[in-house]
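> Have a look at this prediction, sequence included:
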2 protein chains.
Amino acid sequence: VQAEVQQLLQYKERTAGGIMTTEFVRLSPSMTAGQALAHIRSVAGDMESIYACYILAPDTGKLLGAVSLRDLVMADADESVTEIMRPKPITVSVDDIQEVVAQKISKYNLLAVPVLEDDGRVVGFVTVDDVIDVMIEEQTEDVLRMGAIEPGALELPYMTTPFLTLVQKRGTWLVILFLSEMLTATAMGFFEEEIAKAVVLALFVPLVISSGGNSGSQATTLIIRALALREVALRDWWRVMRREVYSGLALGVVLGIIGFLRIAVWSAFSDMYGPHWLLVALTVGLSLVGIVTWGSLSGSMLPFLLKRVGLDPATSSAPFVATLVDVTGLVIYFSVAMMVLRGTLL
Amino acid sequence: VQAEVQQLLQYKERTAGGIMTTEFVRLSPSMTAGQALAHIRSVAGDMESIYACYILAPDTGKLLGAVSLRDLVMADADESVTEIMRPKPITVSVDDIQEVVAQKISKYNLLAVPVLEDDGRVVGFVTVDDVIDVMIEEQTEDVLRMGAIEPGALELPYMTTPFLTLVQKRGTWLVILFLSEMLTATAMGFFEEEIAKAVVLALFVPLVISSGGNSGSQATTLIIRALALREVALRDWWRVMRREVYSGLALGVVLGIIGFLRIAVWSAFSDMYGPHWLLVALTVGLSLVGIVTWGSLSGSMLPFLLKRVGLDPATSSAPFVATLVDVTGLVIYFSVAMMVLRGTLL
């Protein structure tokens, strides 16, 4: 057992190597189905699972095929195991992360999947129920992080969590976000004079900064998931960045046009936005392009940055990105305003 | 097969009845292990899974116990199945939703769980791999919805999704949120005069409304999850509402005090917030109490409302709640300001 624990410890958590079971039924290609069943009866006593039986090359330990208990029970006793085995079973590598393992097990409807070392030796297997435990845990954590709740807040059901525990777990995150969001008041303070001159600018502050937050949340959600599923790797940051800049520009132009039209149409029917409404509309439209692009860019790069320094990318939860983009969005908005409105309103 | 499809159709999707397999190995309590294995060999040909074998009372069809293929293989051929069966296996009801089934399978490390009708008859079973498919699907949907991305956007991996598809799927939600968020500009418009008189009020707009959005996201995340896991039911809305009002008040008071102190401390060192800084601090503090409470309340009630009218509660994703609370938060903030600052700044 100690040797097994040692061996498991050498693999990373959250990988196939970290969650696999190392004891499995090893069959020789020279066995018949009857011999294999007899062998299973003799060794199965202290095994967790005997549904996965692997046929290994006697010399190299390489995987030749897999048979299930069902296959063996259904076969004639004197058939060779090599005749009933599935010759090229689906496998995973010890370094594959658990989400990839889960996806393979799900996609191919497996009960268990053998885990191979780099040299092709079978070192263990992961069962579908190992994976399901992992997934329930991850799912809860991901969803909670997205909703700005510290994972662990929901160890108990909602109704039976003591009131003070609930408030404390929620409060921790709310206070952290509140303290970060205070930077918005500081940023707005720098532009107090501009707001005093052109109050109309204040009216669009929630609209423009929330658009940056939303596009940032989207980008961060997509990238956290792509990183978790290994669809992208750390070294892809540059390609992702280019993609997100283009996506952000495209989305920003769409929102910018809608924002511009909103102000233009309203101004046709009322004097709400004053005589310089066209410049105000231009300010809102242009800053939306900048803020949405910046939101996509920073939202997509933050998970890479966190992963690079060894943290879980999922920590850059959507509300955290939103707060970050709120502050920088204000700076972008008022900077654009100062350029566009200089000499007229400002 | 048609009868089976008919039977499955009578159960709701996303319940044990909707995802179960209806063909399973039925054993009689009078069989020996050897007879049971022979019976399995004769019927297993066209069965999807033979790992779950149930021993049923011959007259009523009620579940007496379960044996696994492993148990039968390991037993002596002439042992009675009643001696080797597990007598009171874990079961689920046809109406249990799939998340509950997944949790039971995970908690008790089952490969399959029998599904019972209300009268105690076994009508099928759910395997661990049925459940894992369901969970991967749900997990992706939940996480995407939380990040304001239409589920279905990620059918392809991030890098291979065509650029225009990516932009379109993200754009749809961004535009919907942008159009709703335009209400903030309308709301701010009503208070333009107040802002002109007291520009200092504008400085705290992002801070106070984002706090409402964050507390709303938290509440909606907790309740969507509690509803999905059946920890709370529709009829509990009243108890949840009371709990959320108290939580919201507690959290609002904490943030309100921090906000108040922030302004008070800054004012001790600078003249940034003017001579009436105490009243401004009071406005921010009091409106935080109101906005955070309102955020928790509306964030928690929206999933109930959506469920009541037959929609998926998860649609009230965090960014949607944030947008809703942004608009109402502005109204609360400026209303509090008009009460507190009347006669001084306003």
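Cool, the structure landed.
> all helices for the stretch 51-200 of chain A, in order.
A:69-74, A:81-84, A:98-107, A:128-146, A:163-190, A:192-197, A:200-203 (DSSP state H, counting those that start in this stretch).
> most neighbours per residue, which of these?
When those are scored by mean count of other C-beta atoms under 10 Å in any protein chain shown, the highest mean neighbour count falls to helix A:200-203 (a mean of 26). Where C-beta positions appear, they are placed from N, C-alpha and C, glycine not excepted.
> Across the sheet, point out what pairs with the closest residue in space to A:L64 that isn't next to it in sequence.
Nearest residue to A:L64, sequence neighbours excluded (C-beta to C-beta, 6 or more residues apart in numbering or on different chains): A:I55, at 4.6 Å. Beta-bridge pairing for A:I55 (DSSP bridges): A:L27, A:G65.
> A:S30 is in contact with A:I55, correct?
No. In this structure, A:I55 is not within contact of A:S30 by C-beta atoms under 8 Å, at 9.7 Å.
> which one of the helices of the stretch 51-200 of chain A has the lowest average pLDDT?
When the helices of the stretch 51-200 of chain A are ranked by mean pLDDT, helix A:128-146 comes last with a mean of 71.
> circling back: between A:I55 and A:S30, tell me which one has more neighbours.
Of the pair A:I55 and A:S30, A:I55 is the one with more neighbours under other C-beta atoms under 10 Å in any protein chain shown, namely 26 against 11.
> Contact partners for the more buried one?
A:I55 sits next to A:L27, A:S28, A:P29, A:L63, A:L64, A:G65, A:A66, A:V67, A:V81, A:T82, A:M85 when contact means C-beta atoms under 8 Å, 6 or more residues apart in numbering or on different chains.
> Let's see that with 10 Å instead.
A:25-31, A:36, A:63-67, A:81-82, A:84-87, A:89, A:122 (C-beta atoms under 10 Å, 6 or more residues apart in numbering or on different chains).
> And the closest residue to A:V289 other than its chain neighbours, how close does it get to A:I209?
Spatial nearest neighbour of A:V289, chain neighbours left out: A:G252 (3.9 Å); criterion: C-beta to C-beta, 6+ apart. A:G252 sits 13 Å away from A:I209, going by C-beta to C-beta, to the nearest Å.
> list the residues that contact both of those two?
A:S287, A:I291, A:G295.
> Am I right that the first one falls within a helix?
The one in question is A:S287. Yes. Assessed by DSSP: H, G, I helix; E, B strand; the rest coil, A:S287 belongs to a helix.
> Could you say which helix or strand holds the residue in the stretch 151-300 of chain A positioned nearest to chain B?
Per C-beta to the nearest C-beta, A:T221 is where the stretch 151-300 of chain A lies closest to chain B, at 2.7 Å. Per DSSP states H and E, A:T221 falls inside helix A:205-228.
> what residue ranges in the stretch 201-346 of chain A score low on pLDDT?
Within the stretch 201-346 of chain A, the ranges that satisfy pLDDT under 70 run A:315-317.
> One more pass at 80, please.
A:225, A:228-230, A:311-320, A:345-346 (pLDDT under 80).
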